[in-house]
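> predicted model and sequence below, questions to follow.
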Amino acid sequence: MCSMQFRSKYLVAGLGLAFFIAGCERDLTPDGPSLSDLYGTFKVKTALESSRAQVDFSAGQSVYFTAETSIATDFVLEIKGRTSGAVKRITGKSRTLDVSNALWQGETSQFPTFQTEVCDVQLTFPGYSDTLTTEVTVTGKRVVEATILDDFEGGISPSWTKFIQSGANMQFNIQTAPPLAEGSKYFRLGGTVGWDWLIGMYEMPKANMNGGAGFQLSNDAEKVFFNGVFRQMAGLDNAIILFQLREDDNGDGTYSEGSEDLWAVEIRPESAWELMSFKYSDLVTLVNGAVSAAIGNGLHEPEKLHRLSILFLANPSSGYAQCDADMLAFTENAPLAL
């Protein structure tokens, strides 16, 4: 009897000790940065290299860059086109650069966009003087996935109809002077009209799109985006660009003024090129610049778009106004990516 009790006590004690030891075990995986990253000496271990010497973005190719340092640190990878001046920046914090954090698919961080050209690639580490360099040659430009209304590379599309006031210093023409946005040309709107807000207007009717087939947009307004790249002449702030999108609500092939929906968005560009995107479902009805009740059935129906209008406006007392535009396009599922 005493022997059994003695064994039981040892068994209980042994189990208790095992649970105690198990409870005291620690997870030795560090939650934060390693000590070597915090207190180690920074040193470049491998030079900057590109995964390919030439890249054809038009064929769906991409390129990534590799390098390694002794500790995890902040990095700035900058790709700059020698001809275009386009810039792509990739930032992060790591010991290694590879396909997971240094992949380039031809997009830009700063206008203009990249052309077929040699690009200088520079890797720097904020806080350290080391600079690594390499180069890569773009043999094919990135393909823009969009329904392009006009990129102005071939001049002003004949699909537009126009009305231009007989004001002073009127400029509705193609420009090529840098800084550029997308490609090598863009559209300038400018002039002075002392008696009216409207300086000029361009319209693209459905009948002039896709051989008369129309804009061919999705019927889901949440998925459709209207996009463009814009800027205003430095030193001026009086220009307004008003976009109007008229829908053929009843499907009779015409737009009935005052009884069918007219959606709009008004912009006042800054002096630097800026890509702007507007979801179709967010468009509103504007009357003299103020949001108003819908004119037609009140439904955003991009598949019924009958006409797109671009009105260039300025207060008639404000003098000369000027804006530039490029890459006017509709996209589906996401805003335009340049």
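Sure thing, it's come through.

> contacts only, for Ser218.
Contacts for Ser218 (CB atoms under 8 Å, 6 or more residues apart in numbering) come out as Val224, Pro302, Glu303, Glu332. (C-beta placed from N, C-alpha, C; glycine too.)

> repeat for Phe312
Applying CB under 8 Å, 6+ apart to Phe312 gives the contacts Leu189, Gly191, Leu198, Ile199, Gly200, Met201, Ala239, Ile240, Ile241, Ala321, Cys323.

> quickly list what the closest residue to Asp98 other than its chain neighbours is bridged to.
Leaving aside its sequence neighbours, Asp98 sits nearest to Thr66 (CB to CB, 6 or more residues apart in numbering; 5.6 Å). With DSSP bridges as the criterion, Thr66 is bridged to Glu49.

> before we move on, back to that, ok, and the most crowded of the contacts of Phe312?
Highest neighbour count within these, by other CB atoms under 10 Å: Ile199, with 27 neighbours.

> packing partners of the host helix or strand of it?
Using DSSP states H and E, the element containing Ile199 is strand 198-205. Counting contacts by 3 or more CB pairs under 8 Å, 6 or more residues apart in numbering; DSSP states H and E, strand 198-205 packs against strand 161-164, strand 168-175, strand 186-192, strand 305-314.

> sheet partners, orientation included, of the longest one?
Strands flanking strand 305-314 in the sheet, each with its direction: strand 198-205 (antiparallel), strand 239-247 (antiparallel) (DSSP bridges).

> in CSV: these, plus distance to Ala294 and mean pLDDT.
Putting the strands paired with strand 305-314 into CSV (distance: least, CB to CB, whole Å; pLDDT from 0 to 100) gives the following:
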stretch, distance to Ala294, mean pLDDT
strand 198-205, 21, 97
strand 239-247, 10, 98
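
> figure out which of those is closest to Pro112.
Nearest to Pro112 among the strands paired with strand 305-314 is strand 239-247 (20.2 Å), distances taken as CB to CB.

> ok so, going back, show me which of the contacts of Ser218 are buried.
Val224, Pro302, Glu303 (16 or more other CB atoms under 10 Å).

> and which of the residues you listed is nearest to Asp248?
Glu303 (9.8 Å).

> got a list of what the residue nearest to the spatial centre of the chain touches?
Centroid-nearest residue in the chain: Ala337, 4.2 Å away (criterion: CA atoms, centre = their mean). Residues in contact with Ala337 (CB under 8 Å, 6+ apart) are Glu107, Glu145.

> kindly report the same for Tyr280.
By CB under 8 Å, 6+ apart, the contact set of Tyr280 is Leu217, Ala221, Glu222, Val224, Phe225, Phe226, Leu245, Trp263, His300, Pro302.
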